[in-house]
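Student: Take this sequence and fold it.
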Amino acid sequence: MWRWTGVNMMYYLSGLQQIPADLYESASIDGATGMQQLRYITIPLLKPTTIYVLTISIFGGMAMFSESYMLFNGNKSPNNVATTLVGMLYRMGFEQNQLGIASAIGVIFLLIVLVVNVIQLRINGTIGSKKGE
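Tutor: Just a heads-up that it's a prediction; the model follows:
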């Protein structure tokens, strides 16, 4: 999680800077408190940023390879405790020259990431929601 914190903060900062100050000004004139401005202005307008950050973080977390590769000197952790799915793909494809199994692992990885992201997009209401709701 710590790996993506800095870049995700930059995405959110960029998203916050894109919200017009006029919205906050008109909300405060209408009597909205800070929490109401957060709930009804900031969070809904940051939804595209949140969806993007979740999508790239999910993929980045699942595709982690370099940390375990460098930490355990070439993808050889004791009892395979630090072997990731991408590490297994690398081991099968490049170290053991079993390209068919590596290709199957890659396709399975693609399907897993696709399913997790579709679930995340459904929860956020980006896909599967009816128009006008």
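Student: Which positions in the lowest-mean-pLDDT helix or strand in the chain come out as buried?
Tutor: One helix or strand of the chain scores below all others by mean pLDDT, DSSP states H and E: helix 66-71, with a mean of 82. Residues of helix 66-71 classed as buried: 68, 69 (neighbour count, 16 or more other C-beta atoms under 10 Å). Where C-beta positions appear, they are placed from N, C-alpha and C, glycine not excepted.
Student: That helix packs against which elements?
Tutor: Counting contacts by 3 or more C-beta pairs under 8 Å, 6 or more residues apart in numbering; DSSP states H and E, helix 66-71 is packed against helix 85-90.
Student: now for the helix it packs on, which elements pack on it?
Tutor: Packed next to helix 85-90, using 3+ C-beta pairs under 8 Å, 6+ apart, are helix 66-71, helix 99-124.
Student: Who are the contact partners of the one residue sitting closest to the centre of the chain?
Tutor: Nearest to the mean C-alpha position of the chain, by C-alpha atoms, centre = their mean, lies residue 57 at 2.4 Å. Residues near residue 57 by C-beta atoms under 8 Å, 6 or more residues apart in numbering: 4, 8.
Student: which stretches of this protein have low pLDDT?
Tutor: Scanning the chain for pLDDT under 70 picks out 1, 129-133.
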